[in-house]
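Undergrad: Pasting a predicted model and its sequence here:
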Amino acid sequence: MKNKKFKSIATVVTLSASLILSGGIASAKNAETEWKLSPEAKINWKDSSSTTPSFITGSNIALGKIKSEKDVQKFFKDNEETFGIKPSTELLFVSEETDDLGMTHYTYQPAIQKTPIDQSNIVVHVDAEKNLVAVNGEFHPNAPKKVKQSKKLAKQNAIDKAWKHIGVDRGKADKKYKDKLGKEKSHLTEKDNLVVVEHDGEYTLAYHVQLQFVDPYPANWQIWINAETGDVVQSENRVHEATGTGYGVLGDTKSLNTYFYNNTYYLFDTTKPMNGVIQTFDYYGSTGTYNLPGSYMTDTGNTFYSERQKAGVDAHYYAGEVFDYFYNTFGRVSYDNNGADITSTVHYGSNYNNAAWVGNQMIYGDGDGSTFTYLSGADDIVAHELTHAVTSTEANLVYSNQSGALNESFSDVFAYFFDSEDWLIGEDVYTPGRSGDALRSMSDPTRYGQPAHMNNYNNTTADNGGVHINSGIPNKAAYNTINSIGKSRSEQIYYRALTLYLTPNSNFSDARQALIQSARDLYGTSVANSVASAWSNVGVY
Ligand code: L5W
Ligand code: ZN
Ligand code: CA
């Protein structure tokens, strides 16, 4: 009968009470009743129907003194019926611990035929005078005496099934590093235990497999594999999302999406509407070597306030904002529109005055302190780099001559759309000691040595045919366009051109046509004519 065992607790307690009342304490203290639960015991129930106790307390909840673990065994034996637990096979001793108050705590794990019921403990608490003052934990009054399954699966098979279930390549997760003594270690921990797992009221013999690793993402997988059939009974990744705070490069305070795993918070954002994650690394790896992507930027308190963390805070935060920009404005899911991970590495190189998209991730230098400070500190630079990734998956503009200058220009143009407070690029981190300047200006490219008209096109072979110089011409055309038809129509036109009309070897004239065509598609002839004028004004026809 369901719930039978603990319905009887009240009866037993009442019985015991009448014993005390009629026979007195002395007579109750015979061998039979010494360890029985006393009527003073107060019971907290796990459920509203009072079938599963969770906490039993009282100043002296059994009359006998508990001087050793043997006495606890006697307590359980005398209350076998009450708890529905046969101590010899259904209770496994785990530990005995005495605290600073002189109290002793005996921990057990409930079991079925000596196989532990997972994630369950019963703890018996004894005060300094050896009085039993509390018993609490997971009592499982409805557990069967026997599980239905028998162990047919080998341990290794269970582990293999767990890896298969999470779809991670074990070889990749088994990332090696050398500790301080030069000993090779792995970031991977693999554990398995044969247990009984309770899931939705069912008790199943299972392997509890634990897979813990930091690559390709921080994970603490807990997976239960049916020991007979090999089916997954239950699985969960116990790493959890958190919200941290950090200081940005310019000293501002930002809220960050982080991940908690193994007592550590990671710059690892799983909150975006995609399969992939946004993750931020420090180039200096845990191995003490420099390798991309480096090691995760972490903090034990979820407060990323240190000097070294500032560059990571901004790279992480702005990558999230750029994701949101593309998602909210165009419905684009990450740079590949397929939810790819957005990975950034900060502190790249040494005094490196640059940032880049390197095909699968972004890198940010620290700058030399006079030309640049940490480059991830500029939201428009982050948007510029991530737009290179979008361009790669879409038009894939070849990075030389006019198509290369268009590639650069589209990155600047979307950096403007994203950070439209000014027409400058890189102003937040450029020449940290000087204000008002920047790397480039879209409204006046000539201010920073770029041409703003085809008459001044620079026919150089340097910098892949002047990709960062001649981008001034399409940048000025974009400025003219936005001034004429507004930002909101312009960004849709630019996005449509980049994703539908431009091709790898498009030149300036093709870009003019692609944008006119997109403008016509979206908003009609009059807007298309405005786009045409914007390009005519920079000498591109
Ligand atoms: C500075 C760092 C990268 C220059 N990349 C660039 O192609 C940079 C934008 C800001 O132009
Ligand atoms: Zn660029
Ligand atoms: Ca700017």
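TA: Good, I have the coordinates. Ligands and ions are numbered 1, 2, ... in the order given.
Undergrad: In this structure, what residue lies closest to ligand 3?
TA: Of all residues in the chain, Asp380 sits closest to ligand 3, at 3.9 Å by CB to the ion. For the C-beta atoms, the positions are set from N, CA and C on the backbone; glycine is no exception.
Undergrad: so that residue sits right up against Phe417, yeah?
TA: No - the criterion here is CB atoms under 8 Å, and Asp380 misses it with Phe417 at 9.9 Å.
Undergrad: so Thr460 sits in a strand?
TA: No - under DSSP: H, G, I helix; E, B strand; the rest coil, Thr460 falls outside any strand and is assigned coil.
Undergrad: just to revisit the earlier point, which of Asp380 and Phe417 has more neighbours?
TA: Remark: of Asp380 and Phe417, Asp380 carries more neighbours, 29 against 22, as counted by other CB atoms under 10 Å.
Undergrad: Could you say which helix or strand holds the more buried one?
TA: Element membership for Asp380, per DSSP states H and E: helix 379-393.
Undergrad: Check Lys151 too.
TA: Of the helices and strands defined by DSSP H and E, none includes Lys151.
Undergrad: Could you report the distance from it to Asp71?
TA: Per CB to CB, to the nearest Å, Lys151 is found 34 Å from Asp71.
Undergrad: More neighbours: these two, which one.
TA: Ranked by neighbour count (other CB under 10 Å), Lys151 and Asp71 place Asp71 first, with 19 against 14.
Undergrad: In contact with that one, which residues?
TA: Residues near Asp71 by CB atoms under 8 Å, 6 or more residues apart in numbering: Trp35, Gly64, Lys65.
Undergrad: top of these by neighbour count?
TA: Counting neighbours by other CB under 10 Å, the top entry in the contacts of Asp71 is Trp35, with 21 neighbours.
Undergrad: So it, which state does it fall into?
TA: Counting by three-state DSSP, the backbone at Trp35 sits in coil.
Undergrad: try Ser255
TA: What three-state DSSP gives for Ser255 is strand.
Undergrad: hmm, back to that, how much space between the residue of the chain closest to ligand 3 and Asp99?
TA: Distance, Asp380 to Asp99, by CB to CB: 57 Å.
Undergrad: Tell me what the closest residue to ligand 1 within the stretch 251-400 of the chain is bridged to.
TA: Of all residues in the stretch 251-400 of the chain, Ala355 sits closest to ligand 1, at 4.1 Å by CB to the nearest ligand atom. Bridge pairing for Ala355 (DSSP bridges) gives the partners Tyr364.
Undergrad: Strands of the stretch 51-200 of the chain, start to end?
TA: Taking DSSP state E, counting those that start in this stretch, the strands of the stretch 51-200 of the chain run over residues 53-57, 91-98, 104-112, 115-116, 122-126, 132-137, 176-178, 184-186, 189-199.
Undergrad: Can you name the residues of the stretch 401-541 of the chain that neighbour ligand 3?
TA: By the rule CB under 5 Å from the ion, the part of the stretch 401-541 of the chain lying against ligand 3 is Asp419, Asp422, Leu424.
Undergrad: Top of those residues by number of neighbours, please.
TA: Busiest of those [other CB under 10 Å] is Leu424, holding 25 neighbours.
Undergrad: How many residues are close by the closest residue in space to that residue that isn't next to it in sequence?
TA: Leaving aside its chain neighbours, Leu424 sits nearest to Ala438 (3.6 Å; criterion: CB to CB, 6 or more residues apart in numbering). Using other CB under 10 Å, Ala438 is surrounded by 20 other residues.
Undergrad: Ala438 is in what secondary structure piece?
TA: Here Ala438 is covered by no helix or strand, with elements defined by DSSP H and E.
Undergrad: beta partners for the nearest residue to Leu91 once chain neighbours are set aside?
TA: Nearest residue to Leu91, sequence neighbours excluded (CB to CB, 6+ apart): Tyr108, at 4.8 Å. Beta bridges link Tyr108 to Phe93, Ile122 when assigned by DSSP bridges.
Undergrad: what about Tyr108, distance to Val123?
TA: Tyr108 is 7 Å from Val123, by CB to CB.
Undergrad: So for the two, which sits in the more crowded spot?
TA: More neighbours surround Tyr108 than the other of Tyr108 and Val123, with 25 against 16 (other CB under 10 Å).
Undergrad: follow-up on the earlier one: so what's the residue nearest to Leu91 up against?
TA: Residues in contact with Tyr108 (CB under 8 Å, 6+ apart) are Leu91, Leu92, Phe93, Val94, Asn121, Ile122, Val123, Val124, Gly137.
Undergrad: and of those, the nearest to ligand 1?
TA: Comparing those against ligand 1 with CB to the nearest ligand atom places Asn121 closest, at 55.5 Å.
Undergrad: In contact with that closest one: list those residues for me.
TA: Contacts for Asn121 (CB under 8 Å, 6+ apart) come out as Val94, Thr107, Tyr108, Gln109, Gly137, Glu138.
Undergrad: Most neighbours of all those residues, which one?
TA: For the contacts of Asn121, counting by other CB under 10 Å, the largest number of neighbours falls to Tyr108: 25 neighbours.
Undergrad: can I get the strands of the stretch 51-200 of the chain in TSV with distance to ligand 3?
TA: Listed next are the strands of the stretch 51-200 of the chain as TSV, based on distance: least, CB to the ion, whole Å:
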stretch	distance to ligand 3
strand 53-57	58
strand 91-98	60
strand 104-112	60
strand 115-116	60
strand 122-126	60
strand 132-137	59
strand 176-178	39
strand 184-186	44
strand 189-199	45
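Undergrad: who touches both of Tyr108 and Val123?
TA: Gly137.
Undergrad: Tell me what the residue lying closest to Asp118 once chain neighbours are set aside is bridged to.
TA: In space, and not counting its chain neighbours, Asp118 is closest to Val195: 3.9 Å by CB to CB, 6+ apart. Using DSSP bridges, the bridge partners assigned to Val195 are Ala206.
Undergrad: hang on, Val195 packs against Pro116?
TA: Yes - applying CB under 8 Å as the test, Val195 and Pro116 come out as touching, 5.4 Å apart.
Undergrad: Surely Tyr479 is in contact with Met442?
TA: Yes - at 4.8 Å, Tyr479 counts as touching Met442 under the criterion of CB under 8 Å.
Undergrad: hey, what's in contact with both of the two?
TA: With CB under 8 Å, 6+ apart, Tyr479 and Met442 have common neighbours Trp423.
Undergrad: neighbour-wise, which of the two wins?
TA: Relative neighbour count places Met442 above the other of Tyr479 and Met442, with 27 against 23, counting by other CB under 10 Å.
Undergrad: domain parsing for this protein?
TA: Split into domains by automatic domain parsing, the chain comes to 4-137, 166-237, 240-393, 398-423+439-541.
Undergrad: residues near Arg308, how many?
TA: As a burial measure, Arg308 scores 14 neighbours (other CB under 10 Å).
Undergrad: Wait, a strand at it?
TA: No - under three-state DSSP, Arg308 falls outside any strand and is assigned helix.
Undergrad: Isn't it up against His347?
TA: Yes - with contacts counted by CB under 8 Å, Arg308 reaches His347, the gap being 7.1 Å.
Undergrad: and for these two, which residues touch both?
TA: Shared contacts of Arg308 and His347, counting by CB under 8 Å, 6+ apart, come down to Asp282.
Undergrad: can you tell me how far the residue nearest to Asp118 sits from Thr204?
TA: 9 Å.
Undergrad: residues shared between the contacts of those two?
TA: Counting by CB under 8 Å, 6+ apart, the residues touching both Val195 and Thr204 are Trp224.
Undergrad: Format the CA atom coordinates belonging to stretch 105-119 as CSV.
TA: Presented in CSV, the C-alpha positions along stretch 105-119 are these (Å, rounded to 0.1, in the frame of the first residue of the first chain):
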residue,chain,number,x,y,z
HIS,A,105,26.6,14.0,13.0
TYR,A,106,26.2,10.4,11.5
THR,A,107,25.6,10.3,7.8
TYR,A,108,24.0,7.4,6.0
GLN,A,109,22.8,6.7,2.5
PRO,A,110,19.6,4.9,2.0
ALA,A,111,19.9,1.8,-0.3
ILE,A,112,18.0,-0.9,-2.1
GLN,A,113,19.7,-4.2,-1.6
LYS,A,114,22.9,-2.4,-0.6
THR,A,115,22.9,-0.3,-3.8
PRO,A,116,22.8,3.4,-2.7
ILE,A,117,19.8,5.5,-3.7
ASP,A,118,21.5,8.4,-5.4
GLN,A,119,21.5,12.0,-4.1
